[in-house]
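Colleague: have a look at this prediction, sequence included:
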Amino acid sequence: VHSCVASRIGPGAHAQGLHRDDYIHHNVHDEVPAPWDDERDKHRETAIGLFVAGVKTSKANGATGFIPGSHLWGNDRPEPPNEDDYFYAELNKGDAFIMLASCYHGGSANTTTDEYRLLFGTFVTRGYLRQEENMFLAVPREKVLGYDRNIQKFMGYSLSDPACGTVELMDPILQLYPEEFENANPGDF
């Protein structure tokens, strides 16, 4: 898990500027021709986001606008994005959309007088990259121990092969289950 967020856009809020969320990992993209090519582009993406509507979202109340295909754009594209290219994720409560972190997107202005747009989002990133939000510190150990082991690993209590994410050269799951590793040595991955 790279980051988790709840965003609430209230009446009169201004639009969020278009951006790419993969800038966190210092990505610089070259323009690539459509369509996507699995072999050519397999290392281009570093994260993917899942957004779930907490309320009905619309362009008027601040729905996220994004530009399909913008994940293929280079950072040095000379012309600014055109709003006609936007797709607004107008969702019913509980609906979701998935987006590559390299897509240009941003919350639209809330032009209503009485509606709040609530959206829950989470991004996951490749295991060899640093998380934006440090889940080891964000979620108390006692709470993490109550989660299923697969969830613990998804949060970052695991290694990314061959050895990224160690704690004192050990698998970070050791922090939760030290009794399982009584005979482990640093470097025992």
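Modeller: Cool, got the structure. Note that the coordinates shown come from a computational prediction; the quantities given were computed from them, not determined experimentally.

Colleague: contacting residues around Glu132?
Modeller: His2, Ser3, Ile24, Phe123, Thr125 (CB atoms under 8 Å, 6 or more residues apart in numbering). For glycine as for every other residue, the C-beta is placed from the backbone atoms N, C-alpha and C.

Colleague: tell me the SS of the third one?
Modeller: Translated: Ile24. helix (DSSP: H, G, I helix; E, B strand; the rest coil).

Colleague: can you pull the contacts of it?
Modeller: Per CB under 8 Å, 6+ apart, neighbours of Ile24: His2, Ala47, Glu132.

Colleague: go again with 6 Å.
Modeller: Contact analysis of Ile24 by CB atoms under 6 Å, 6 or more residues apart in numbering lists Glu132.

Colleague: pLDDT value on it, please?
Modeller: For Ile24, the model assigns a pLDDT of 80.

Colleague: surely Tyr128 meets Asp161?
Modeller: No: counting by CB atoms under 6 Å, Tyr128 does not reach Asp161; the two are 8.7 Å apart.

Colleague: mind listing residues that contact stretch 37-52?
Modeller: 2, 22, 25, 96-101, 119-123, 125-126, 129.

Colleague: 8 Å instead, please
Modeller: Residues contacting stretch 37-52 (CB under 8 Å, 6+ apart): 2, 21-22, 24-25, 27, 29, 32, 64, 71, 89, 94-102, 119-126, 129.

Colleague: swap in stretch 9-21?
Modeller: Counting by CB under 8 Å, 6+ apart, 27, 47, 49, 61-62, 65, 67, 70, 81, 101-110, 112-117, 123 sit against stretch 9-21.

Colleague: where does the spatially most central residue of the chain sit: helix, strand or coil?
Modeller: With distances taken as CA atoms, centre = their mean, the residue of the chain nearest its centroid is Phe123 (1.9 Å). Under the three-state scheme (three-state DSSP), Phe123 adopts strand.

Colleague: just after the worst-scoring helix or strand of the chain on mean pLDDT, pick out the following helix or strand.
Modeller: Using mean pLDDT, DSSP states H and E, the weakest-scoring helix or strand in the chain turns out to be helix 135-138, at a mean of 77. As assigned by DSSP states H and E, the chain's next helix or strand after helix 135-138 is helix 141-144.

Colleague: which parts of stretch 25-32 are buried?
Modeller: Asn27, His29 (16 or more other CB atoms under 10 Å).

Colleague: my error: substitute stretch 37-48 in the last question.
Modeller: Applying a neighbour-count criterion of 16+ other CB under 10 Å, one finds Arg44, Glu45, Thr46, Ala47, Ile48 buried in stretch 37-48.

Colleague: pLDDT score for the closest residue to Pro33 other than its chain neighbours?
Modeller: Nearest in space to Pro33, with sequence neighbours left out and distances taken as CB to CB, 6 or more residues apart in numbering, is Leu72 at 7.4 Å. At Leu72, the model reports a pLDDT of 92.

Colleague: now Leu72: how far from Pro78?
Modeller: Applying CB to CB, to the nearest Å, the value for Leu72 to Pro78 is 15 Å.
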